[in-house]
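Asks: fold the following, please.
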Amino acid sequence: MAGCSGDKAYLWSYGEYKILKDTYTGHRGLISACKFISGTKLATGSADRTIKIWDLYGRQCKIFDHSIAKIV
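Replies: Next comes the predicted model:
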């Protein structure tokens, strides 16, 4: 299970005990969206107008896209 607060995304285990497994940082604005893709990656979108694709096993940002147009 994933969630976001401020400029961080959080990954939680989803079993009997919900335990914080990891925290992903790197955005310079509030994260407004996060979604699992392909089971091994997490996509986050932020008010800093960037999208980041995080490798859940390597625990790092693999793809960074800064070309998002301003949302009106």
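
Asks: CA atoms for contacts and neighbours, from now on please.
Replies: Noted.

Asks: low-confidence ranges in the chain?
Replies: 65-72 (pLDDT under 70).

Asks: excluding chain neighbours, what is closest to the residue nearest the centre of the chain?
Replies: Taking C-alpha atoms, centre = their mean, the centroid of the chain lies closest to T44, which sits 3.7 Å from it. In this structure, T44 finds its nearest non-sequential neighbour in C34, 4.4 Å apart by C-alpha to C-alpha, 6 or more residues apart in numbering.

Asks: OK, contacts around the closest residue to W12 other than its chain neighbours?
Replies: Using C-alpha to C-alpha, 6+ apart and skipping the chain neighbours, the partner closest in space to W12 is L20 (4.5 Å). Listed by C-alpha atoms under 8 Å, 6 or more residues apart in numbering, the contact set of L20 reads 10-13.

Asks: so which of those residues is the closest to I51?
Replies: Y10 (15.7 Å; C-alpha to C-alpha).

Asks: helix or strand for the closest one, just tell me which one.
Replies: Taking DSSP states H and E as the definition, Y10 sits inside strand 8-12.

Asks: adjacent strands (with direction) for that strand?
Replies: strand 2-5 (antiparallel), strand 20-25 (antiparallel) (DSSP bridges).
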